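Peer 1: Got a sequence here, can you model it:
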Amino acid sequence: MNRIWACSMLFAAALSLGTGRQQAAAEAMLNCGNEAVRLTLTLLAAMTLWSGLMEILTETGDVRRIGGVFRKAAAPLFPKIRDDACWEAMSLNIAANLLGLGNAATPAGIAAAKGLAAQGKDGLQALAMLLVINNAGLQLMPTTVITMRQAAGSLDAASVWLPTLIVSAVSTATGVLLMLLVRKLRCGA
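Peer 2: Numbers count the residues shown, from 1 in each chain. Take a look at the predicted model:
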């Protein structure tokens with residue numbers, strides 16, 4: 001990947017030299033660097049806020065209560081998982097993903113994956129379902145996308161909310177249904 005970036009940069013530099021637009025290229029590089037730093041700080045602030053909120057919810061025990069609700073709703077998708085620590089990690093992971101906080105969801109996802117993988121075949125089947133749910137990306141609130149659009153100067157940064165909700169719900173439902181079909185075909189075969 002580094003070679004691709006290096007080649008792209010060298011090509012752009014040669015093109016700017018060849019067309020006599022060195023000044024414009026230099027200004028564009030400085031402006032883009034400035035925008036990258038500004039966007040990084042904006043995303044860092046949003047991630048800090050939401051990660052802090054998730055930590056507060058964990059410390060107050062609210063994650064455990066939310067996990068109980070999630071466990072009742074998701075029990076048919078993970079029928080043979082009985083480990084409370086796995087359920088708590090899965091709940092935290094999916095809650096963070098529902099809020100559009102992919103980076104904040106990662107530590108809980110790793111903890112869930114480790115716990116599920118240690119449970120043998122049943123745990124691996126549950127892990128596959130968790131991965132499908134995570135990768136399908138159901139988001140009730142696409143926080144990161146809205147933050148990026150706002151940082152980029154969008155006049156209506158939240159206008160992506162409904163389309164994101166619809167598309168992510170359809171993709172998640174499709175993934176879950178396909179996983180249930182595969183599970184049924186394997187058990188029936």
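Peer 1: okay, CA-based contacts and neighbour counts for the rest of this
Peer 2: Fine.
Peer 1: isn't residue 77 right up against residue 129?
Peer 2: Yes. Residue 77 lies in contact with residue 129 (Cα atoms under 8 Å); the separation is 7.3 Å.
Peer 1: Looking at those two, which is more packed in?
Peer 2: For residue 77 and residue 129, the more surrounded residue by other Cα atoms under 10 Å is residue 129, and the numbers stand at 20 against 17.
Peer 1: so that one makes contact with residue 76?
Peer 2: No. The criterion here is Cα under 8 Å, and residue 129 misses it with residue 76 at 11.1 Å.
Peer 1: ok, and the helix or strand in the protein with the lowest average confidence?
Peer 2: helix 62-74 (a mean of 78; mean pLDDT, DSSP states H and E).
Peer 1: remind me, longest helix of the chain?
Peer 2: Longest helix in the chain by number of residues, with DSSP state H as the criterion: helix 22-60.
Peer 1: For the strand or helix carrying residue 130, buried residues please.
Peer 2: Assigned by DSSP states H and E, residue 130 falls within helix 120-136. For helix 120-136, burial by neighbour count (16 or more other Cα atoms under 10 Å) applies to 122-130, 132-134, 136.
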